[in-house]
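In: What would the 3D arrangement of this be:
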Amino acid sequence: MYAIPLGDDGAELRPLEPWQAAEFLDHMDRGRAFIGERNPLPDIVTDLESSRAYLQAYADKAAADTGRICGIWSGDKLVGAVILRTMDLAQGIAEAGCWLEPSAVGRGLVTRAVRILIDWAVEERGIHRVEWIVASTNGPSIAVARRLGMTRDGVLRESDPHRGGRLDMEVWSILAPEWRAAGGSPVTS
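Out: I've put the predicted structure just below:
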C-alpha cells in the first residue's frame, strides 16, 4: 500500500487496517499509561479482539466515507496514529485527532501527519470545517492545533468523563479557506 514520508527522519504515514491488530495492540501496550492520561483509547483497546474491533470500526468508517485512521511509523515500528474520528460530507465537517507513544513525542510527527490528513479532507473530500477537540490540560495537543493554524472556538466545561473525573474540552477548528490561505499541507514541523 502507500506510505507518505513525514520528513527526512524515515517516519511515514500509512494505512492502519484490521489485519494489523496485533501490531496496533503492541503499540497501545507500549503507550498505554501515557496515551491514557487524556485519551480513552487504552481503556478500549485492551486485547487482540478489541484491537481488531477498533480497527474494523475505522475500516467500516472508511468504506462509508465517514472517518479514517492512518498509522505513524518510525522505521518498522507503529508509534502513533492520526484519525478523522468523524467526517460528515453533507455538513462539510470533520473531527481530527491523534495520539503517540512516548518514544515518538517531540519530533513533529503529529503535526506533519495531521497536515496531510486535513489537506486530504479539505481538497479531496470537500470538508469545510475541521475540528480538533482536546482536553484543556493537554498542552502538546493544543500546541499542534496552534501550529495547524486552528482557532480556539471555546471550552466545553467538564464535558468528558474520564477515569472517574471529568475533563474540560477545548474545541479548535480551521475552515477550508483559512487552510488554503495558509498554504495547506507542506510537510514541516
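
In: residue boundaries of the helices in this protein?
Out: Along the chain, counting by DSSP state H, helices occupy 21-35, 41-44, 48-64, 109-123, 139-147, 176-181.

In: Looking at those helices, which one is packed in the most?
Out: Most buried of these by mean neighbour count (mean count of other C-beta atoms under 10 Å) is helix 109-123; its value is a mean of 22. All C-beta atoms are positioned from the backbone trio N, CA, C, and that covers glycine.

In: circling back to that earlier point, columns mean pLDDT on top of the helices of the chain, output as a markdown table?
Out: Shown next, in a markdown table, are the helices of the chain (pLDDT from 0 to 100):
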| stretch | mean pLDDT |
| --- | --- |
| helix 21-35 | 96 |
| helix 41-44 | 94 |
| helix 48-64 | 98 |
| helix 109-123 | 96 |
| helix 139-147 | 94 |
| helix 176-181 | 95 |
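
In: Mind checking those for the one nearest to residue 100?
Out: When these are compared by C-beta to C-beta, helix 109-123 sits nearest residue 100, at 6.1 Å.

In: mind checking how far the spatially most distant residue from the centre of the chain is from residue 74?
Out: When distances to the mean C-alpha position of the chain are computed (C-alpha atoms, centre = their mean), the maximum falls on residue 164, with 24.0 Å. Separation of residue 164 from residue 74 (C-beta to C-beta, to the nearest Å) stands at 33 Å.
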